[in-house]
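Engineer: Let's see this in three dimensions:
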Amino acid sequence: MRPGWRVLSVFAFAGTLVACGPTIETHGYTPVPEKLAQIQVGADTRGSVQRKIGRPQSTSTFDTDGWYYVSTVIESFAFYEPEIIERTVVAITFDERDVVTSLNSYGLEDGRVIDLATNTTPTYGRQLTILEQIFSNLGNVTGADLFEN
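Structural biologist: All right, here's what the predicted structure looks like:
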């Protein structure tokens, strides 16, 4: 084997290994701890919080008391199901005067798994196959039915 082929095969093998590496995706935004340390509970307002760390990704659904900053890091490897390896949620709540009342940071370990019910409601009666559905009305339609107004 010529030396040029050896080098080429080494690069091809290394390229194959690199192509099989995991893909890391980051979604969302959470402020860095240094910026969060600048927010003073009881002193800062919505405006000052927005100037210091930016607008929130989401707010409270039923009231306007909370701002939420969410960041998620997802690792994907080949054909396997993606895995969430890091999630950070920063929750800031305000009172009726728009002053910060609490500042909390939560991680993936603070979350709870919610089991969504994937059951379907059963239908009563006879279950028809696709062929039974297609051919079940062949004898039920007459010529008079086709030409009625």
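Engineer: low-confidence ranges in the protein?
Structural biologist: Scanning the chain for pLDDT under 70 picks out 1-4, 11-20, 113-125, 141-146, 148-149.
Engineer: Strands along that one, start to end?
Structural biologist: 23-28, 58-59, 66-76, 83-94, 100-107 (DSSP state E).
Engineer: and the longest one, how far out from the chain's middle?
Structural biologist: Going back to what we said before, that points to strand 83-94. Counting by C-alpha atoms, centre = their mean, to the nearest Å, strand 83-94 is centred 12 Å from the centre of its parent chain.
Engineer: now the angle between strand 66-76 and that strand, please.
Structural biologist: 170 degrees (axes from the mean of the first three to the mean of the last three C-alpha atoms, to 10 degrees).
Engineer: start at 769 instead
Structural biologist: With the count now opening at 769, the last piece we talked about shows up as strand 851-862.
Engineer: What residues sit buried inside strand 851-862?
Structural biologist: For strand 851-862, the neighbour count (16 or more other C-beta atoms under 10 Å) marks 855, 856, 857, 858, 859, 860, 861, 862 as buried. Every C-beta, even on glycine, is put in place using the N, C-alpha and C of the backbone.
Engineer: now swap in the last one and tell me
Structural biologist: Of the residues in strand 868-875, those with enough neighbours to count as buried (16+ other C-beta under 10 Å) are 868, 871.
Engineer: neighbouring strands for it, and are they parallel or not?
Structural biologist: Note on strand 868-875: by DSSP bridges, its sheet partners are strand 851-862 (antiparallel).
Engineer: And for the third one?
Structural biologist: According to DSSP bridges, strand 834-844 forms sheet pairs with strand 791-796 (antiparallel), strand 826-827 (antiparallel), strand 851-862 (antiparallel).
Engineer: So for residue 805, which of those sits nearest?
Structural biologist: Nearest of those to residue 805, taken as C-beta to C-beta: strand 851-862 at 12.1 Å.
Engineer: Helices of the protein, start to end?
Structural biologist: Here the chain has its helices, by DSSP state H, at 771-787, 801-804, 814-821, 898-903, 911-914.
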